[in-house]
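**Student:** Would you be able to build a 3D model of this:
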Amino acid sequence: MLLVMASTASQQQVAGLAMAAGNGKAAAAPVQDAAAAAQPAAGYKEPPKEILDIVDAPPQPGLTFSPDRSKILQLSRPPSLPPIFDISRPELKLAGIRIDAEQFSRSRMSYYTGLSIVPSDTLVPAPPEAMMEVTGYPAGAWLNYVTWSPDGTYIAFTTRSPGGPGDPPRGPLQLWLADAATGKARPLLGARRLNTVFHSYSWLDDNTLVAATVPAGCSAPPSRPPVPAGPRIQDNSSGKKSQNRTWTDLLKDEHDGEVFEYYGTSELVLLDVRQESSEGEVIAPPRMYTEVVSSPDSQFVLACWLSRPFSTAVPAGRFPVTLQLWDRKGTPIRTIASLPLAEDIPIAFNSCRTGPRGLSWRDDKPAELCWIEAQDGGDPDVAVSPRDIVYTLDAAAAATNGGDELAPSVLATTDLRCGGVSWCDDDLALLYESWWKTRRSVVYTMAPGRREEGKAVLFDRSFEDVYSTYILAKVDGKRELLMSGTGASPEGNRPFLDLFDLDTKEARRLWQSSPPYLESVGAIMSDFNHDAPVSLDGLQLLLSRESAKEPPQTYLISFSGPDAASSSEQRITDFPHPYPQLKDMQKEVLRYKRSDGVDLTGTLYLPPGYDAARDGPLPTILWAYPREYKSKEAAGQMRRSPHQFSGIGSLSPTLWLARGYAVLDGPSIPVVAEGDEEPNDTYVEQLTASAEAAVKELVSRGVTDPARVSVGGHSYGAFMAANLLAHCPELFAAGIARSGAYNRTLTPFGFQSEERTLWQAPDTYAKMSPFMMADKIKKPLLLIHGEEDNNTGTFPLQSERFFNALKGHGAPARVVLLPHEGHGYRARESVLHTLYEQDQWLEGHAGYGRTDPGYVTSSGEADSASSLSE
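**Tutor:** Now for the predicted structure:
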């Protein structure tokens with residue numbers, strides 16, 4: 001049932017703001033009598049054809065290389081928007097997780113429709129004659145969890161029934177295995193099926209995997225008693241301080257806990273995939289396993305599982321968890337941690353759980369664990385040094401020394417919050433730490449084999465700085481690092497690849513993106529021999545290349561010579577332009593200043609063939625998302641490239657280029673707070689100043705009609721749009737707000753980057769809430785929300801209550817609630833109806849007046865101010 005409610009806009013607002021393209025004249029608004037306006041809408045609608053054709057563009061396949069880089073696996077995708085019948089399936093909402101009970105899986109998973117193997121020197125998408133299809137699994141099955149075996153001999157994947165008319169019954173996922181040489185697939189595990197609510201399966205070695213299966217003899221799920229056992233009670237008689245943000249889908253009672261435990265419990269099965277008829281060997285009792293990870297040498301396993309007591313106050317990620325070291329047969333060696341329920345983690349950034357966290361294997365050692373432990377109780381307000389300690393533990397030594405008797409070794413300490421370690425070898429590792437309040441980020445070098453030497457600073461900078469670098473590998477066994485970077489500059493990003501000498505701190509440029517393209521390097525492709533160091537001579541990396549008019553394509557770039565002095569390329573993909581009708585759209589990265597001197601940027605898009613002198617100013621959409629910064633310099637940095645291809649998503653504002661609109665996409669809306677200032681204390685002032693600067697820039701260029709500017713955003717961008725209509729209505733003719741939160745008293749323990757509570761900053765919470773300004777909003781505002789929004793803080797109630805407040809003050813407004821949709825919208829029917837609603841709102845209030853005669857609005861009478869359709 002699609003719920004649409006509308007409150008009346010005045011005749012003057014509707015007609016006076018609908019301008020004809022290029023001539024500044026008012027276009028006639030469609031006339032509706034009161035009887036027609038009071039009629040229910042006829043279900044889901046579709047946007048105009050020029051938008052629909054772009055949204056329905058066929059998807060391109062996903063690609064993954066075999067471990068030895070000799071083959072490419074093409075993964076065929078279905079249409080990008082699933083049908084509403086798939087999104088409408090029942091789902092369990094338990095402990096912050098949404099579960100498909102029929103499948104013992106997470107709900108609403110995406111999927112692939114086919115697999116094919118092609119040689120890596122074949123241009124993809126490959127023609128049928130060049131592909132070897134993976135065959136043998138049920139026709140029409142949906143495929144998930146596709147992985148190569150470590151040596152590339154096999155491809156594992158799961159199948160499930162679409163569950164449509166004529167399809168087999170839906171049930172838990174079945175594990176399959178394909179031979180990469182022949183493409184022939186066969187089922188694994190006999191009659192066993194997977195439980196993928198938390199974990200699916202993982203490879204232990206080239207021929208062995210461990211799978212999380214539905215426990216043998218699984219009984220029917222718990223049923224709710226017809227009569228309640230008693231009232232629901234939450235208690236804090238101890239006076240313990242426990243602050244949490246507004247989590248969704250939490251457990252409500254003991255029955256919820258029983259159901260959560262039932263669907264989350266799996267049984268681990270070890271399987272040699274070469275044994276075709278084997279159902280595998282159960283290696284551990286049924287538990288709520290969340291992760292099972294093999295050591296690099298395949299001889300040990302790190303297993304993690306949840307346990308009781310559960311909580312009705314926090315999601316599953318904070319439930320008690322056990323982390324245990326096993327041998328590969330499932331025999332326990334050592335319990336690394338038994339973490340209790342964590343209901344009292346502070347809400348401040350840099351807060352964390354006490355006890356071991358970030359547990360992982362060193363990838364440069366056969367079997368050495370690494371983890372981090374906070375020394376401040378997980379509370380960043382506690383002053384202590386060190387704040388974190390990084391530990392390591394050799395699994396083989398632990399196995400031969402009585403498990404729990406061997407003490408872990410201290411690798412390093414940090415005074416900021418540790419972010420983990422990147423491993424090279426015993427001579428080099430990178431240690432990361434950062435601090436939110438100062439935006440400081442530090443990278444250290446250290447020698448894990450000589451820990452007593454300590455650590456040395458490699459980089460110490462602000463993580464807000466857009467000029468960032470990423471370390472890819474140690475080269476030729478020397479103290480030299482291969483590093484990539486964004487190459488940010490006032491002219492736009494120009495990514496690069498450098499060789500950095502750790503001793504001299506000097507960098508030598510190996511490659512850099514060149515206009516008119518935006519290029520960037522990705523994964524190293526010449527590292528398939530894990531026993532040999534990465535070498536400059538013969539270095540191969542994936543390269544992405546795009547331009548303003550050409551979609552991203554993938555290349556293989558190869559360097560030769562000991563100094564990588566020369567390079568060559570092999571093209572890997574040849575994807576067509578996804579929307580050729582907009583290939584000639586005009587794009588320009590704008591730079592302009594805010595009244596306080598902060599540099600701002602935005603990307604201006606104009607329709608193909610548009611000429612300002614000939615066509616005049618256009619209706620314009622400003623679509624944005626505010627962000628917080630600690631310095632004006634960081635806020636003003638260029639974060640985009642004029643050569644970047646403009647991808648158009650299914651809900652992108654740039655779809656309206658096809659309708660003759662100008663679009664300013666992603667204009668900077670920085671909220672800056674330097675030193676000890678709090679950004680949200682001046683949120684409204686900085687928000688309006690940024691919007692004023694953007695509109696002024698657009699109008700000064702002659703491309704924007706100031707009477708037909710609309711503002712919109714999603715989530716925090718919706719919050720922004722509502723605030724702008726409240727605080728600077730003179731700038732905008734209408735607004736669109738999707739999946740937003742508008743009353744900050746409903747998110748009292750912080751939101752977005754706000755760490756203070758409502759009781760610590762009541763004036764800020766109130767001033768920022770457009771709900772509190774409902775009596776000031778006079779411009780038309782369209783609210784859209786998914787009825788099942790599970791994002792923290794953006795309950796559908798936010799839009800419903802805000803609409804009622806607007807309606808109560810006579811504001812022209814409309815709310816559309818999309819059945820079964822979450823924070824983002826997925827079903828084709830939901831997406832197309834959202835586009836329809838947005839198009840009608842824009843056309844009627846800030847566009848060309850091309851409204852649908854069947855578009856249902858209120859008549860203005862009190863008894864017909866809402867319409868309900870199904």
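**Student:** okay, CA-based contacts and neighbour counts for the rest of this
**Tutor:** OK.
**Student:** name the helices or strands packed onto the longest strand along the chain?
**Tutor:** Assignment by DSSP state E gives strand 281-294 as the longest strand of the chain. Counting contacts by 3 or more Cα pairs under 8 Å, 6 or more residues apart in numbering; DSSP states H and E, strand 281-294 packs against strand 201-203, helix 254-264, strand 266-272, strand 300-306.
**Student:** Give me the contacts around that strand.
**Tutor:** Contact with strand 281-294 is made by 198-199, 201-204, 210, 212, 215, 261, 264-271, 300-307, 328-331, as judged by Cα atoms under 8 Å, 6 or more residues apart in numbering.
**Student:** Buried subset of the residues you listed, written for PyMOL?
**Tutor:** Restricted to buried positions by 16 or more other Cα atoms under 10 Å, the PyMOL selection for the contacts of strand 281-294 reads:
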select buried, resi 198+199+201+202+203+204+210+212+215+261+264+265+266+267+268+269+270+271+300+301+302+303+304+305+306+307+328+329+330
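**Student:** buried set for the longest strand of the chain?
**Tutor:** Result for strand 281-294 [16+ other Cα under 10 Å]: buried residues 282, 286-294.
**Student:** now the helices: where do they sit in this protein?
**Tutor:** 11-16, 34-37, 49-55, 84-87, 254-264, 395-400, 612-615, 632-635, 683-700, 716-727, 762-768, 796-808, 828-846 (DSSP state H).
**Student:** Quick check: buried residues in the fifth one?
**Tutor:** Within helix 254-264, the residues that qualify as buried are 256-264, counting by 16+ other Cα under 10 Å.
**Student:** gap between the nearest residue to residue 593 once chain neighbours are set aside and residue 698?
**Tutor:** Spatial nearest neighbour of residue 593, excluding adjacent residues (Cα to Cα, 6 or more residues apart in numbering): residue 599 at 4.6 Å. Using Cα to Cα, to the nearest Å, we find residue 599 at a distance of 15 Å from residue 698.
**Student:** and what of residue 318?
**Tutor:** Distance from residue 318 to residue 698, counting by Cα to Cα: 48 Å.
**Student:** pLDDT value on the residue nearest to residue 249 when sequence neighbours are not counted, please?
**Tutor:** In this structure, residue 249 finds its nearest non-sequential neighbour in residue 96, 4.7 Å apart by Cα to Cα, 6+ apart. We have a pLDDT of 97 for residue 96.
**Student:** what about residue 96, how many neighbours?
**Tutor:** Residues within reach of residue 96, counting by other Cα atoms under 10 Å, total 19.
**Student:** so what's it up against?
**Tutor:** 247-251, 314-316.
**Student:** Make a PyMOL selection of whichever of these turn out to be buried.
**Tutor:** In PyMOL, a selection of the buried entries from these looks like this (16+ other Cα under 10 Å):
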select buried, resi 247+248+249+250+251+314+315+316
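**Student:** quick revisit: could you dump the buried residues of helix 254-264 to CSV with pLDDT and distance to residue 826?
**Tutor:** Converted to CSV, those look like this (pLDDT from 0 to 100; distance: Cα to Cα, whole Å):
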residue, pLDDT, distance to residue 826
256, 97, 27
257, 98, 29
258, 97, 30
259, 98, 27
260, 98, 25
261, 98, 28
262, 98, 28
263, 98, 25
264, 98, 25
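**Student:** Make CSV out of those residues and add distance to residue 808.
**Tutor:** Compiled in CSV, the buried residues of helix 254-264 are given as follows (distance: Cα to Cα, whole Å):
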residue, distance to residue 808
256, 38
257, 41
258, 43
259, 42
260, 41
261, 45
262, 46
263, 45
264, 45
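**Student:** of those residues, closest to residue 745?
**Tutor:** Nearest to residue 745 out of the buried residues of helix 254-264 is residue 256 (Cα to Cα; 28.1 Å).
**Student:** wait, isn't residue 91 in contact with residue 100?
**Tutor:** Yes - contact status for residue 91 versus residue 100: in contact at 5.1 Å, counting by Cα atoms under 8 Å.
**Student:** Mutual contacts of those two, please.
**Tutor:** The contact sets of residue 91 and residue 100 overlap at residue 107 (Cα under 8 Å, 6+ apart).
**Student:** So for the two, which residue has more residues nearby?
**Tutor:** Ranked by neighbour count (other Cα under 10 Å), residue 91 and residue 100 place residue 100 first, with 20 against 17.
**Student:** Contacts only, for the more buried one.
**Tutor:** Applying Cα under 8 Å, 6+ apart, we find residue 100 in contact with 90-92, 106-108.
**Student:** Among the residues you listed, which one has the most neighbours?
**Tutor:** Neighbour counts for these, by other Cα under 10 Å, peak at residue 107, which reaches 21 neighbours.
**Student:** and it, what is it in contact with?
**Tutor:** Contact analysis of residue 107 by Cα under 8 Å, 6+ apart lists 91, 98-100.
**Student:** Present these as a markdown table; the columns should include distance to residue 821.
**Tutor:** A markdown table is the format used below for the contacts of residue 107 (distance: Cα to Cα, whole Å):
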| residue | distance to residue 821 |
| --- | --- |
| 91 | 12 |
| 98 | 12 |
| 99 | 15 |
| 100 | 15 |
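**Student:** tell me which of the residues you listed is nearest to residue 754?
**Tutor:** residue 98 (27.3 Å).
**Student:** any idea how far residue 785 is from that closest one?
**Tutor:** Distance, residue 98 to residue 785, using Cα to Cα: 18 Å.
**Student:** do the same with residue 376
**Tutor:** Taking Cα to Cα as the criterion, residue 376 is separated from residue 785 by 40 Å.
**Student:** the more surrounded of these two?
**Tutor:** Using other Cα under 10 Å, the more surrounded residue of residue 376 and residue 785 is residue 785, with 30 against 18.
**Student:** just to revisit the earlier point, check contacts around the residue nearest to residue 593.
**Tutor:** Residue 599 sits next to 591-593, 632, 635-637 when contact means Cα under 8 Å, 6+ apart.
**Student:** Using CSV, lay out these together with distance to residue 397.
**Tutor:** Output for these, formatted as CSV (distance: Cα to Cα, whole Å):
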residue, distance to residue 397
591, 59
592, 61
593, 61
632, 52
635, 50
636, 52
637, 50
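**Student:** among those residues, which two are most distant?
**Tutor:** By the measure Cα to Cα, 591 and 632 form the most distant pair in the contacts of residue 599, at 14.7 Å.
**Student:** show me where pLDDT drops low in the stretch 301-450 of the chain?
**Tutor:** Within the stretch 301-450 of the chain, the ranges that satisfy pLDDT under 70 run 402-403.
**Student:** got the buried residues for stretch 320-335?
**Tutor:** For stretch 320-335, a neighbour-count test (16+ other Cα under 10 Å) marks 320-330, 332-334 as buried.
**Student:** right, I mislabeled it, should have said stretch 809-822
**Tutor:** Buried-residue list, stretch 809-822, by 16+ other Cα under 10 Å: 810-822.
**Student:** residues touching the residue sitting nearest the centre point of the chain, list them.
**Tutor:** In the chain, the residue lying closest to the centroid (Cα atoms, centre = their mean) is residue 824, at 10.5 Å. Contacts for residue 824 were tallied using Cα under 8 Å, 6+ apart; they are 739, 786, 789.
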